[in-house]
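Enquirer: The amino acid sequence is not available; the structure is as follows:
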């Protein structure tokens, strides 16, 4: 039988007092200075606020918080590592929300090395999951620049991708089961390590990529893979972006399924990483575009030979101007640093307008050409910076503030016009306006503009069915 106190409409202050009593002093953050980090997002475009910041110690405490918030109709925002770039963890609309941080739900519950699965709580840091897998000679392949601070719950909520999607898939492909606390505090236990289950709707997929708008993931069963015994890394200079597609096709044909990363980087990106991130330009002469390529597999010597054959054939075909193959793990790390430093070092070039899009792989060069022209038509003195995961068509297409003559405020004031110009190109090519960061607040209007009406209607129907009081991360995804 339902608890009549919870079913009744609770005044907000009574609900907040009950939450404090439920969680105890360690479970709430009251001091304004201590709350401040929970109210920020990396780009500082969307300031936050809170009726209360909570830190539940386990699933049951979290469920209790949600029951009370549901009864009082208090909005709720779940927090992971707060590394997202679309304003998914803050709010200025409606009543101040209750923030629910997953940081204390950080246990690795089980590792089954034979079945190659790992069961973890949602607050586990991604890098800690990597280490736990490696200790068993296994690999969890989601790999992001924010791996040292992002949490698996946030990765699941945004269906994170990363550098190895072309071989292993997105987060959606790597989750076997979930445990989720629903908006009214009920727990859905789908924490099953099954690779095949056709008993009706695949409910876990409803919550993967939902950005915390339907419930809060508290635990997950993850797929693991054998850890590659050998990894070969190359950094290649290309004459143009079109050559990257030819190189990708050639690499796939020659690699026999061992191609695990294929990153495209514009020259300006390498300059930024060298100028601000301590990177070292690896080639003798600059090239307009670069590919950072990785193959991984058995330690039988075949990978190196395959990579050398690829480089030889690519140069013969005019796809590659110059290149280098890492001779050690340290050299490989240095090459990867050029790519990973881009995420943080862009800030030293001023403000930036960021796009996280996907188009069919073969149309990446067309997108880069058309989107570049469209963006510069709106903002002629901006500097283009494109990089991303060509193997899944995901490009981070950014504009950096002009080197001189424009303030950051004036530059960012033109962001909506730039978004629309670039996203029009994406739509014309059959692409997606969000490939891995989600919609959040930043792209809510864009989703409403570009998504088919039937798709929006279905999304709203799901939201209404699962969260009829609209308390879960309000103002995200759907306008």
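Expert: Looks like it came in fine. Treat the numbers as computed from the prediction; the structure is a model and nothing was measured. Numbers count the residues shown, from 1 in each chain.

Enquirer: Contacts for stretch 402-422 next, please.
Expert: When contacts are defined by C-beta atoms under 8 Å, 6 or more residues apart in numbering, stretch 402-422 is touched by residues 349-351, 353, 355, 357, 371, 374-375, 377-379, 381-383, 397, 399, 401, 443, 446, 449. From N, CA and C alone the C-beta is placed, and that goes for glycine too.

Enquirer: Go through those residues and flag which are in helices.
Expert: When helices are assigned by DSSP state H, the members of those inside them are 371, 374, 375, 377, 378, 446, 449.

Enquirer: By neighbour count, which of those residues wins?
Expert: Greatest neighbour count in the ones in helices among the contacts of stretch 402-422, by other C-beta atoms under 10 Å, goes to residue 371: 26 neighbours.

Enquirer: residue contacts, it?
Expert: 355, 397, 421, 422, 425, 426.

Enquirer: Please report phi then psi for the fourth one.
Expert: Put plainly, it is residue 422. Backbone geometry at residue 422, expressed as degrees, to the nearest 10, gives phi -70, psi -40.

Enquirer: Spatially central residue in the protein, please.
Expert: By C-alpha atoms, centre = their mean, the mean C-alpha position of the chain lies nearest to residue 160, the distance being 3.7 Å.

Enquirer: Kindly provide the distance from the closest residue in space to that one that isn't next to it in sequence to residue 178.
Expert: Take residue 160 and drop its neighbours on the chain: the residue closest to it by C-beta to C-beta, 6 or more residues apart in numbering is residue 171, 5.0 Å away. Residue 171 sits at a distance of 11 Å from residue 178 (criterion: C-beta to C-beta, to the nearest Å).

Enquirer: which of the residues in stretch 42-59 are buried?
Expert: In terms of neighbour count (16 or more other C-beta atoms under 10 Å), stretch 42-59 has its buried residues at 43, 46, 48, 50, 51, 52, 53, 54, 55, 56, 59.

Enquirer: how about the nearest residue to the second one, chain neighbours excluded?
Expert: On the basis of C-beta to C-beta, 6+ apart, the spatially nearest residue to residue 46 that is not a chain neighbour turns out to be residue 87, at 3.5 Å.

Enquirer: again with the first one
Expert: Distances taken as C-beta to C-beta, 6+ apart place residue 85 nearest to residue 43, at 5.9 Å, with adjacent residues excluded.

Enquirer: which SSE is the one you found in?
Expert: When elements are assigned from DSSP states H and E, residue 85 belongs to no helix and no strand.

Enquirer: Next, count neighbours for it.
Expert: Applying other C-beta under 10 Å, we find 20 other residues in the vicinity of residue 85.

Enquirer: repeat for residue 284
Expert: What residue 284 shows, counting by other C-beta under 10 Å, is a neighbour count of 8.

Enquirer: Now do the same for it: helix, strand or coil?
Expert: Secondary structure for residue 284, judged by DSSP: H, G, I helix; E, B strand; the rest coil, is coil.

Enquirer: wait, it sits on residue 322?
Expert: Yes - proximity of residue 284 to residue 322 meets the contact threshold set by C-beta atoms under 8 Å, at 6.7 Å.
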